[in-house]
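Novice: Structure of the sequence below:
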Amino acid sequence: MAKRGTPSAVASGKINVRIEVQRANRLPKRAEITPSIRPAGGRRQQPPSALRPFVEVSFQREQQRTEVVEGTDPQWNETLTFPLLSESGDFTPTGLQKIDDLIYFNIFDEVQVDLLIDERKRETNIHQRLERHWLGSFSLPFQTLYSRAQVSGTFQLRVPLVLLGYVPYEPGESVLPWWLQRESQRLGKPCLTVDILLEPRLAQMPSIHLTFETNEDRRLLRASKQWSASLRDKFPGRDNWVTVVNLNGETVFLTRYISSQLPPHQVWQQDASRLVTVKHLERVAHFVSMIPFIPDATAFSGTCDLWATSEEFLQMLSGDEEEHAVLLCNYFLAMNQHAYVVIGNAIPEGDTAFVMVSSTNDAGTAEYELWKPATGEHFNQQDPLCPLQDVYFVFDSSNIWANIQYESRTSQISFDFSSTWKWRPFFSTSFPAPPLPSVQTRSITYKPTADEFRQRLEVFLENRLRDELMGWRETQVTRWNRYCNRALKELLPRFEASPYKVPESTNNEHLSTILKSYTMAGFPLHMPFTDTSSVVEALHSTGIHLTDDPRVEFALAVYVHAYPNEVVSLWVYAATVYRRK
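Specialist: Here you go, the predicted structure:
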């Protein structure tokens, strides 16, 4: 475990981000078995079919990587150190809060490619070349590390729906010790364990408390200050607040933002059965996650964060965790779900907002599902990979409940709001809620997106990405396989129809004819569309262009699915293609 730094004024500006890359679990394995190669002397090498993963970490334009370790459950235990850079060398709390860089973690498989055609020359000619195949990634905002000084844990990797040339990990194949193997199987999904430390610990920006204009009742505001202050004294590590600032700079009571609002009919319509399934909820969450995410401005403290209504959010087409959470909660309420907004701390985001849906199982026991609005993912309360680590408070349209349990970890707390020794409500019998009309419109006005806009964006991005990829390979010839381009293009609308889980057979069956003549390695990338540079960077970070085999061909396809208000779901399928010998 990395050693903690000590508090310091950091006059010298020598600050490091130290990253211990420990291990990965449940990485995919290669789909095809390649015969082993016997070098001079006849000694057997490790079969090329064994996974050879390494981790590449990028921060502030610097890249470092681990060594290669074989297997689907690799252990590295390597430490990488990055110097922290700040604009104009300003390492004061004000200057540090302006650093908006991300720490990127990418896992690659190092593939040994056999170049030899004539076996008689194997002992005299160089016959192997190394390639890297991207397997997955995750990123951590520097501001999360700055606020916590140390971030440790196991993080779920963001992996594509399909990895051409690979198949998912299967339990029982691990070579880990039994205790780590049991942990790997418990986590269930590809993940990376790291320990990230800021050395030395840095001073934090003091909280800023400002007063804004308001139309709220003075008695309500006095009670909110007293409630928050009493909780802050008992639980200094938990943020509890009951008012926010709207786009007009006015203080508004928090519960006014929650109100039932129907999603676009293209996303969900109630049928005669009135049955709402998990797939229906996932489709609505997918739509919300495709609205571009813009982090809180670092110039403001948390109490000065501006909150937009759902209508304003969809007009601006950008917002942070709170806007996404409020919109998703309101949609779920319209779908007759018991939904709440949860404020807490998540890894890797830091302070954040989730949506919680409560239900009762067949045994009559309450169950809680936590939805991450910015990605559309959802997790059971007991899921060890749930990013929401700590719960501060929960609210809906009727009340706000502060967590007063000794434990704040999501998996360990009770969500029984009727228990006053576990949750402190803002409104109670001694202080009943006054009428608080919602600031939301009763129904959201959705504007259809012109198909011409969708088509033009799709063509533009496809041409731009192909030009960029050829530019990254400026010293080599880049050949495009049009046959594979068309095949990948036909697949992408199917992925949009099921964005969270596409059966592997769907991909393989569609490409079966091509795979008889070619070997392919590649993946679909999925993201909201914010700007062109973000799309270009996402493709570049996979390293798909880093092959110097003169036989390689490339395939690339872009699909844009447009929702109302020009909300865009963007898919990019990229692959390397080799003709079979």
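Novice: Tell me where the model's unsure across the stretch 451-581 of the chain.
Specialist: Applying pLDDT under 70 to the stretch 451-581 of the chain flags residues 502-508, 581.
Novice: Just the strands from it, written as ranges.
Specialist: Assigned by DSSP state E, counting those that start in this stretch, the stretch 451-581 of the chain shows strands spanning 518-528, 553-563, 567-579.
Novice: Which pLDDT value belongs to the nearest residue to V194 once chain neighbours are set aside?
Specialist: In this structure, V194 finds its nearest non-sequential neighbour in V21, 5.6 Å apart by CB to CB, 6 or more residues apart in numbering. C-betas here are computed from N, CA, C, even on glycine. With respect to pLDDT, V21 has a value of 97.
Novice: Give the other helices and strands that the helix or strand V21 falls within contacts.
Specialist: Assigning secondary structure by DSSP states H and E places V21 in strand 16-25. Applying 3 or more CB pairs under 8 Å, 6 or more residues apart in numbering; DSSP states H and E, one finds that strand 16-25 contacts strand 53-59, strand 75-83, strand 102-114, helix 178-187, strand 191-199.
Novice: Arrange those in a markdown table, one row each, with mean pLDDT, mean neighbour count and distance to T576 as further columns.
Specialist: Formatted as a markdown table, the helices and strands packed on strand 16-25 follow (pLDDT from 0 to 100; neighbours: other CB atoms under 10 Å; distance: least, CB to CB, whole Å):
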| stretch | mean pLDDT | mean neighbour count | distance to T576 |
| --- | --- | --- | --- |
| strand 53-59 | 96 | 22 | 18 |
| strand 75-83 | 96 | 16 | 26 |
| strand 102-114 | 89 | 19 | 10 |
| helix 178-187 | 41 | 14 | 29 |
| strand 191-199 | 94 | 22 | 24 |
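Novice: Can you give me the end-to-end span of stretch 415-431?
Specialist: Length of stretch 415-431, first residue to last, CA to CA, to the nearest Å: 22 Å.
Novice: who's in contact with that stretch?
Specialist: With contacts defined as CB atoms under 8 Å, 6 or more residues apart in numbering, stretch 415-431 is touched by 223-224, 227, 231, 242, 356, 358, 366, 368, 381, 394, 398-405, 413-414, 433.
Novice: Would you mark the buried spots in the strand holding V21?
Specialist: V17, R18, I19, E20, V21, Q22, R23, A24, N25 (16 or more other CB atoms under 10 Å).
Novice: Reformat those as JSON lines; add distance to W268.
Specialist: Formatted as JSON lines, the buried residues of strand 16-25 follow (distance: CB to CB, whole Å):
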{"residue": "V17", "distance to W268": "43"}
{"residue": "R18", "distance to W268": "46"}
{"residue": "I19", "distance to W268": "42"}
{"residue": "E20", "distance to W268": "44"}
{"residue": "V21", "distance to W268": "41"}
{"residue": "Q22", "distance to W268": "42"}
{"residue": "R23", "distance to W268": "40"}
{"residue": "A24", "distance to W268": "37"}
{"residue": "N25", "distance to W268": "35"}
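Novice: Can you tell me which of these is nearest Q455?
Specialist: A24 (40.0 Å; CB to CB).
Novice: Let me know the pLDDT of that closest one.
Specialist: In this model, A24 carries a pLDDT of 96.
Novice: for this structure, longest helix please?
Specialist: Using DSSP state H, we find that the single longest helix of the chain is helix 451-472.
Novice: that older thread, just to check, the residue nearest to V194 is in contact with I196?
Specialist: No. Between V21 and I196 there is no contact under CB atoms under 8 Å: 9.7 Å.
Novice: got a list of what E468 touches?
Specialist: So E468 contacts V536, L539, H540 (CB under 8 Å, 6+ apart).
Novice: Do a quick rundown of the helices in the stretch 201-350 of the chain.
Specialist: 218-234, 278-289, 310-316, 321-334 (DSSP state H, counting those that start in this stretch).
Novice: deepest of those, which one?
Specialist: Of all these, helix 321-334 carries the top mean neighbour count, a mean of 26, counting by mean count of other CB atoms under 10 Å.
Novice: Alpha carbons of that one, as PDB, please.
Specialist: Below are the C-alpha coordinates for helix 321-334, written out as PDB (Å, rounded to 0.1, in the frame of the first residue of the first chain):
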ATOM      1  CA  GLU A 321     -24.400  14.900 -12.100                       C
ATOM      2  CA  GLU A 322     -27.300  16.800 -10.500                       C
ATOM      3  CA  GLU A 323     -29.100  17.700 -13.800                       C
ATOM      4  CA  HIS A 324     -28.800  14.100 -15.000                       C
ATOM      5  CA  ALA A 325     -30.000  12.700 -11.700                       C
ATOM      6  CA  VAL A 326     -33.000  15.000 -11.400                       C
ATOM      7  CA  LEU A 327     -34.100  14.300 -15.000                       C
ATOM      8  CA  LEU A 328     -33.800  10.600 -14.600                       C
ATOM      9  CA  CYS A 329     -35.600  10.600 -11.200                       C
ATOM     10  CA  ASN A 330     -38.500  12.600 -12.700                       C
ATOM     11  CA  TYR A 331     -38.700  10.200 -15.600                       C
ATOM     12  CA  PHE A 332     -38.800   7.200 -13.300                       C
ATOM     13  CA  LEU A 333     -41.500   8.800 -11.200                       C
ATOM     14  CA  ALA A 334     -43.600   9.200 -14.400                       C
END
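Novice: Give me the distance between that helix and the centre of its chain.
Specialist: Centroid displacement of helix 321-334 relative to its chain, using CA atoms, centre = their mean, to the nearest Å, is 18 Å.
Novice: hmm, who's touching it?
Specialist: 244, 257-263, 268, 281, 284-285, 288-289, 291, 293, 305, 307-308, 310, 313-314, 339-342, 349, 352-355, 357, 371, 373-374, 396, 440.
Novice: Buried by neighbour count, from the residues you listed: which ones?
Specialist: 244, 257-263, 268, 281, 284-285, 288-289, 291, 293, 307-308, 310, 313-314, 339-342, 349, 352-355, 357, 371, 373-374, 396, 440.
Novice: how near is E407 to L469?
Specialist: Separation of E407 from L469 (CB to CB, to the nearest Å) stands at 49 Å.
Novice: hmm, I was thinking of S147
Specialist: In terms of CB to CB, S147 sits 37 Å off from L469.
Novice: swap in K516?
Specialist: 26 Å.
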